[in-house]
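**Q** pasting the sequence and the predicted model now:
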Amino acid sequence: MIGWPTIAVPCPHCGGDLLGGLTWRLSDSGVIQDVWVEPGGGCCETGYMDLLEGGLESWLLFDPTLLSFDRVARHRLHLEPITRKRAQAYIRLHHRHNPPPPGDKYRVACFNGPHLVGVALAGRPVARALDHRQVLEVNRCCLDHSLDQELTMHACSKLYGACRRWARRQGYSKLITYTLQDEPGTSLVAAGFDRVAAVRGRSWSCPSRPRRAAMIADRWRWEIRL
């Protein structure tokens, strides 16, 4: 592993010190860049999310004798738009227990270098009692787990962060999603979500609003206020 020691850089958002660093690891897929954060190293929420999502490297000076920045930059997480057809095909192939939703309001893809490592789709809440004018739901967040794990590291948090920013720009007041009760929700915690309720497993399909078949299991509902 190659990397810098802990370094403090001025936060462009609030002026405080951000404490973090960069490491590079060699894997079968190439050079993997990882941004790490010192405990308590985020000076404000925006700065902390920038650290988690890989914004720190734009504030650091790279030593060209250590490693070429161009080589590293080809293997870092970045977001791109994706068509609904491609996103649904990806979910159909890689999601562990659910088919793709029939529609969405927003979709985004996460790449590491040339590799498509994950997609997220957000749309109206599945539960009819939730106000679809104020609440947006991340209906699917899906990674390709056949890839080297280091390629997908932090991809879920980055996808959730993209959905959060889009929902805020569109004027939604809350973003929600669900996980199975045996899933820890680590990426959701990293993206700022709170676990708010246990939801008993049931089918959402009804005669007035039929739904596609999906796995029926007890879940946790997570939310973040925008």
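**A** Everything's here; your move.
**Q** going forward, measure contacts and count neighbours with C-alpha atoms only.
**A** Will do.
**Q** using PDB, list the CA coordinates for stretch 163-179.
**A** Only the C-alpha atoms of stretch 163-179 are listed here, as PDB (Å, rounded to 0.1, in the frame of the first residue of the first chain):
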ATOM      1  CA  CYS A 163     -29.900  10.600  -5.000                       C
ATOM      2  CA  ARG A 164     -29.900  12.800  -2.000                       C
ATOM      3  CA  ARG A 165     -28.500  15.800  -3.900                       C
ATOM      4  CA  TRP A 166     -31.000  15.400  -6.800                       C
ATOM      5  CA  ALA A 167     -33.900  15.100  -4.400                       C
ATOM      6  CA  ARG A 168     -32.900  18.200  -2.600                       C
ATOM      7  CA  ARG A 169     -32.600  20.100  -5.900                       C
ATOM      8  CA  GLN A 170     -36.000  19.000  -6.900                       C
ATOM      9  CA  GLY A 171     -37.600  20.300  -3.700                       C
ATOM     10  CA  TYR A 172     -38.300  17.000  -1.900                       C
ATOM     11  CA  SER A 173     -38.300  17.200   1.900                       C
ATOM     12  CA  LYS A 174     -37.300  13.600   2.600                       C
ATOM     13  CA  LEU A 175     -35.500  10.700   0.900                       C
ATOM     14  CA  ILE A 176     -36.300   7.100   2.100                       C
ATOM     15  CA  THR A 177     -35.200   3.600   1.300                       C
ATOM     16  CA  TYR A 178     -35.600   0.100   2.700                       C
ATOM     17  CA  THR A 179     -33.200  -2.700   3.600                       C
END
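**Q** buried ones in it, by neighbour count?
**A** Buried residues in stretch 163-179, defined by neighbour count with 16 or more other Cα atoms under 10 Å: 163, 164, 167, 172, 174, 175, 176, 177, 178, 179.
**Q** taking those one by one, which sit in strands?
**A** Mapping those onto strands (DSSP state E) picks out 174, 175, 176, 177, 178, 179.
**Q** dump the residues you listed into a markdown table; add distance to residue 136 as well.
**A** As requested, those are exported to a markdown table (distance: Cα to Cα, whole Å):
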| residue | distance to residue 136 |
| --- | --- |
| 174 | 6 |
| 175 | 5 |
| 176 | 6 |
| 177 | 9 |
| 178 | 12 |
| 179 | 16 |
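**Q** which residues does residue 116 contact?
**A** Neighbouring residues of residue 116 by Cα atoms under 8 Å, 6 or more residues apart in numbering: 109, 110, 144.
**Q** please redo it, this time with the cut-off set to 7 Å
**A** With contacts defined as Cα atoms under 7 Å, 6 or more residues apart in numbering, residue 116 is in contact with residue 110.
**Q** give me the angle between whatever helix or strand it lives in and strand 174-180.
**A** Using DSSP states H and E, the element containing residue 116 is strand 115-123. If you take axes from the mean of the first three to the mean of the last three Cα atoms, to 10 degrees, strand 115-123 sits at 120 degrees to strand 174-180.
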